[in-house]
Each structure stands twice: as C-alpha cells, then as structure tokens.
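Trainee: Sequence and predicted model, in that order:
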Amino acid sequence: MNTLIDTPASVRHADGEIVVTMNSGFEFSFPCSDYPRLAAASPEERSEVELSPLGIHWPVIDEDLSIAGLLRDHAKR
C-alpha cells in the first residue's frame with residue numbers, strides 16, 4: 001500500500017451530515033441529502049458502515065461512495 005495516500009479512519013453521522021475523518025486528521029463532511037439512499041436511511045442504518053482504503057460502504061442500504069469522488073465534490077463546495 002502506498003503510504004502517501006490518505007485513507008479514511010472513521011465515519012460518523014451528525015445533524016444530517018456524514019463526517020469523514022482521514023488518517024491524517026483531515027476531516028470533511030457532506031449532507032446526507034446529496035445521496036437519496038443515505039437521506040432515506042435511519043440513523044441506525046447510517047451507523048452500519050464499513051471503511052476501505054478507497055471508499056465507504058453502507059451494507060444495509062447498499063450504498064457505496066468513493067473517497068476520491070467525495071473529496072472531488074468537497075473541493076467544489
């Protein structure tokens with residue numbers, strides 16, 4: 001694994017947003033309303049999350065988001 005690539009360390013949801021903390025300490029968030037499955041999910045369903053070096057997966061609602069795509073969208077805000 002390339003140690004120069006930042007990877008997700010944790011994900012949490014708060015006040016209608018998903019907050020991602022990267023291993024470097026960088027933190028960013030995005031509204032659940034940007035993704036219909038996340039918007040419709042219960043807090044319990046949003047809590048069931050799996051991390052990989054490249055993305056975030058919510059198995060209960062079958063939602064997958066890439067870190068690269070989320071960071072690209074975050075940079076546009």
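Mentor: Alright, I've got the coordinates.
Trainee: For the rest of this, base every contact and every neighbour count on C-alpha atoms.
Mentor: Fine.
Trainee: what are the ranges of the helices in the protein?
Mentor: Secondary structure of the chain (DSSP state H): helices located at 36-40, 43-47, 67-76.
Trainee: what about the chain, any weak spots by pLDDT?
Mentor: In the prediction, the chain carries residues with pLDDT under 70 at positions 1-4.
Trainee: in stretch 23-38, what counts as buried?
Mentor: The neighbour-count check on stretch 23-38 (16 or more other C-alpha atoms under 10 Å) flags 28-30, 32, 38 as buried.
Trainee: any idea which of those is closest to residue 9?
Mentor: residue 28 (12.0 Å; C-alpha to C-alpha).
Trainee: From residue 60, how far out is the closest one?
Mentor: As judged by C-alpha to C-alpha, to the nearest Å, residue 28 and residue 60 stand 23 Å apart.
Trainee: quick one on the thing from earlier: and the helices of the chain: which comes nearest residue 12?
Mentor: Distance to residue 12, taken as C-alpha to C-alpha, is lowest for helix 43-47 among those, at 7.0 Å.
Trainee: mind putting the buried residues of stretch 23-38 in a markdown table, distance to residue 22 included?
Mentor: As requested, the buried residues of stretch 23-38 are exported to a markdown table (distance: C-alpha to C-alpha, whole Å):
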| residue | distance to residue 22 |
| --- | --- |
| 28 | 8 |
| 29 | 11 |
| 30 | 14 |
| 32 | 19 |
| 38 | 20 |
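Trainee: Appreciated, that's everything.
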